[in-house]
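Trainee: pasting a predicted model and its sequence here:
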Amino acid sequence: MNQQTARAGGSAVWALVITSVASFMAALDNLVVTTALPSIRADLGGALEDLEWTVNAYTLTFAVLLMFGAALGDRFGRRRLFIGGLTVFTAASAAAALSPGINELIAARAVQGVGAAVMMPLTLTLLTAAVPAARRGTALGIFGAVTGLAVASGPLIGGTLTEHLSWQWIFWLNVPVGVALLPLARLRLAESRGPGARLDVLGTVLVSTGLFGIVYALVSTPSHGWTSGRVLTGLIVGGLLTGAFVLHGSKGRHPMLPMRLFRDGGFFGINIASLLMFLGMFGSIFLLSQFLQSIVGYSPTEAGLRMLPWTGMPMIVAPIAGYLSDRVGGRPVVVTGLALQAVGLGYFALVLDPDVSYAAQLPALIISGIGMALYFAPAASLVMSSVKPSEQGIASGANNALREVGGSLGVAILSSVFSAQGGFESAEAFTDGTVPALWIGAAAVGVAAAVALLVPRRRAAAPEGAAALSEAPAAAEGRERIPV
């Protein structure tokens, strides 16, 4: 019995290490590229829309394929698909580092997103299956902290590697880690499948092509204009396909995202708020990271360090936010966090100037960081408590997907506003474009705060929600990460 217990404990430790490191890599790639964008532009060339796609090619493919990747794991084996996704992610990272031009880099980033979409939903499933229920809370806490650390350190790691080595090393970093994880995953993770797993191929095709059309149109507006055939076709066809996906979710058999879930005010409120939060936040970080280097003159490392009061604040404030959520419920904490994030972005818009000092920016960074932390801490519990235990896997996967979609739309929309009002020609032009974009970002997060009021007044139930993840048959959790 003791030997069995020891073996089980060893398996749990290995599962925690393997899944946490894999999660760290994928979460890191959300933001690690932001502080490298000026260097990538200087080395490979390309317009603003090309820089947008270096970010969106990853987040968009990740978002639209995330729930499909989870279903593949349930159907064909979670360990097998995890290894397959990790292999694709690692190989695509090497291809990104070797890219001779901006188009090749964008293509490699898209393939990275495919690998992450298959790999990431299965990390939490494999972890919860390997860890005994009595220790699951501790394991999930460590897993979440590692993922949060990746987000917090993303701009700093990206800036340091870019400045002291080259921007290619933000992708080379994944290769030895991925190669080391592959045999460990094969030897140390147990295989499992989900009961009654079904693949929604039609839903995946509809949402993938629909969202791609919309984002492609938004990214194309600066160079082609809102009335061009390319932009109008992308918006119309993308909108129709996305609408067909919604109809499929309402009428289809076994859809990947049942639209009936949105009839619940809590599920609708927290998910739409999450989409808008990431729209405003992700798009703003995309522009501000370039402002700090191209206009203020910080090195990539200095820019990453100066972003830490924003991106790193959740590591400090999240425990306090979790305590408050337990005491007063999740809704007021989330609403307050979103309101503070909106205030922080608005503050940025007020003080932004080519000669702005870091001291003048610091209050905006701190306010935004506190707001982000207050939002993230209770968000997962609100999502989980809005659905039945048997639907929590689908709910968590949907929330992660909508946040990634919001990030892609944020980069596209705010960059479109930036191009319409300014550009890269001078410091004044860059500021003229960034300020109205930040106001749009602040407005989006402000609306998110209002939408979050639709969440019913009830206490968050994090322990039950976390434990129920292991019971969700769809296993599309994707995990609760703190992406930026």
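Mentor: It's in.

Trainee: make it CA atoms for all contacts and neighbour counts henceforth
Mentor: Noted.

Trainee: if I look at residue 444, how far off is residue 227?
Mentor: Distance from residue 444 to residue 227, counting by CA to CA, to the nearest Å: 24 Å.

Trainee: and residue 415, by the same measure?
Mentor: 17 Å.

Trainee: between the two, which one's more packed in?
Mentor: Ranked by neighbour count (other CA atoms under 10 Å), residue 415 and residue 227 place residue 415 first, with 28 against 10.

Trainee: name the next helix or strand downstream of the helix or strand hosting that one, please.
Mentor: Using DSSP states H and E, residue 415 maps to helix 392-421. Once the chain leaves helix 392-421, the next helix or strand it forms, by DSSP H and E, is helix 427-452.

Trainee: if we can go back for a sec, per-residue confidence averaged over the helix holding residue 415?
Mentor: Taken as a whole, helix 392-421 has an average pLDDT of 78.

Trainee: and it with helix 427-452, angle?
Mentor: 150 degrees (axes from the mean of the first three to the mean of the last three CA atoms, to 10 degrees).

Trainee: which other helices and strands contact helix 392-421?
Mentor: helix 48-76, helix 201-224, helix 265-290, helix 358-385, helix 427-452 (3 or more CA pairs under 8 Å, 6 or more residues apart in numbering; DSSP states H and E).

Trainee: let me have those in a markdown table, extended by mean pLDDT, distance to residue 83 and mean neighbour count.
Mentor: Shown next, in a markdown table, are those (pLDDT from 0 to 100; distance: least, CA to CA, whole Å; neighbours: other CA atoms under 10 Å):
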| stretch | mean pLDDT | distance to residue 83 | mean neighbour count |
| --- | --- | --- | --- |
| helix 48-76 | 78 | 10 | 25 |
| helix 201-224 | 79 | 22 | 21 |
| helix 265-290 | 85 | 29 | 25 |
| helix 358-385 | 81 | 26 | 23 |
| helix 427-452 | 91 | 37 | 23 |
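
Trainee: format those helices as TSV; extra columns: distance to residue 87.
Mentor: Formatted as TSV, those follow (distance: least, CA to CA, whole Å):
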stretch	distance to residue 87
helix 48-76	14
helix 201-224	22
helix 265-290	27
helix 358-385	29
helix 427-452	36
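
Trainee: right, and those - which one's nearest residue 253?
Mentor: The minimum distance between residue 253 and those falls on helix 201-224, with 10.5 Å, by CA to CA.

Trainee: give me the distance from the closest one to the chain's centre.
Mentor: 18 Å (CA atoms, centre = their mean, to the nearest Å).

Trainee: tell me which other helices or strands that helix touches.
Mentor: Packed next to helix 201-224, using 3+ CA pairs under 8 Å, 6+ apart, are helix 48-76, helix 229-251, helix 392-421.

Trainee: possible to save those as a markdown table with distance to residue 84?
Mentor: Shown next, in a markdown table, are these (distance: least, CA to CA, whole Å):
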| stretch | distance to residue 84 |
| --- | --- |
| helix 48-76 | 10 |
| helix 229-251 | 27 |
| helix 392-421 | 19 |
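
Trainee: for those helices, which one sits closest to residue 286?
Mentor: Comparing the helices and strands packed on helix 201-224 under CA to CA, the one sitting nearest is helix 392-421, at 6.6 Å.

Trainee: nearest to residue 348, out of the helices and strands packed on helix 392-421?
Mentor: Smallest distance to residue 348 across the helices and strands packed on helix 392-421 (CA to CA): 5.7 Å, for helix 358-385.

Trainee: tell me which other helices or strands the closest one touches.
Mentor: Against helix 358-385 (3+ CA pairs under 8 Å, 6+ apart) you get helix 265-290, helix 300-311, helix 313-328, helix 330-351, helix 392-421, helix 462-468.

Trainee: dump those helices into JSON lines; add distance to residue 118 as well.
Mentor: JSON lines is the format used below for the helices and strands packed on helix 358-385 (distance: least, CA to CA, whole Å):
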{"stretch": "helix 265-290", "distance to residue 118": "21"}
{"stretch": "helix 300-311", "distance to residue 118": "26"}
{"stretch": "helix 313-328", "distance to residue 118": "27"}
{"stretch": "helix 330-351", "distance to residue 118": "29"}
{"stretch": "helix 392-421", "distance to residue 118": "12"}
{"stretch": "helix 462-468", "distance to residue 118": "21"}
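
Trainee: that older thread, and residue 127, which of the helices and strands packed on helix 392-421 is closest to it?
Mentor: Within these, the stretch nearest residue 127 is helix 48-76; the backing value is 13.8 Å (CA to CA).

Trainee: the closest one versus helix 392-421: what angle between them?
Mentor: Using the same axes, to 10 degrees: helix 48-76 against helix 392-421 is 170 degrees.

Trainee: let the chain start at 25 from now.
Mentor: That works, and once the first residue is 25, the last one we named lands at helix 72-100.

Trainee: just how off-centre is helix 72-100 within its chain?
Mentor: 10 Å.

Trainee: next one, pLDDT for residue 214 please.
Mentor: 77.

Trainee: and if you look at residue 36?
Mentor: 78.

Trainee: can you tell me which helix or strand it belongs to?
Mentor: With DSSP H and E as the test, residue 36 turns up in helix 26-55.

Trainee: check contacts around the spatially closest residue to residue 391 that is not a sequence neighbour.
Mentor: Excluding its sequence neighbours, the residue lying closest to residue 391 (CA to CA, 6 or more residues apart in numbering) is residue 368, at 5.2 Å. Listed by CA atoms under 8 Å, 6 or more residues apart in numbering, the contact partners of residue 368 are 387-392, 466.

Trainee: that older thread, so which of the helices and strands packed on helix 416-445 comes closest to residue 358?
Mentor: Closest among the helices and strands packed on helix 416-445, using CA to CA: helix 382-409, at 4.4 Å.

Trainee: how far away from the center of its chain is the helix holding residue 439?
Mentor: Per CA atoms, centre = their mean, the centroid offset for helix 416-445 relative to its chain is 8 Å.

Trainee: give me the angle between it and helix 382-409.
Mentor: Using the same axes, to 10 degrees: helix 416-445 against helix 382-409 is 150 degrees.

Trainee: pretty sure residue 376 contacts residue 459?
Mentor: Yes. In this structure, residue 376 is within contact of residue 459 by CA atoms under 8 Å, at 6.9 Å.

Trainee: do you know which of the helices and strands packed on helix 416-445 lies nearest residue 118?
Mentor: helix 72-100 (14.6 Å).

Trainee: and after that closest one, which helix or strand comes next?
Mentor: helix 102-121.

Trainee: so for residue 223, which of the helices and strands packed on helix 382-409 sits nearest?
Mentor: Per CA to CA, nearest to residue 223 of the helices and strands packed on helix 382-409: helix 416-445, 12.9 Å.

Trainee: now the closest one against helix 289-314, angle please.
Mentor: Using the same axes, to 10 degrees: helix 416-445 against helix 289-314 is 40 degrees.

Trainee: re earlier: any idea which of the helices and strands packed on helix 225-248 gets closest to residue 212?
Mentor: helix 72-100 (17.1 Å).

Trainee: now do the closest one: which elements does it pack against?
Mentor: helix 26-55, helix 102-121, helix 126-154, helix 225-248, helix 416-445.

Trainee: redo those helices as JSON lines? Include distance to residue 80.
Mentor: Formatted as JSON lines, the helices and strands packed on helix 72-100 follow (distance: least, CA to CA, whole Å):
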{"stretch": "helix 26-55", "distance to residue 80": "9"}
{"stretch": "helix 102-121", "distance to residue 80": "14"}
{"stretch": "helix 126-154", "distance to residue 80": "8"}
{"stretch": "helix 225-248", "distance to residue 80": "8"}
{"stretch": "helix 416-445", "distance to residue 80": "5"}
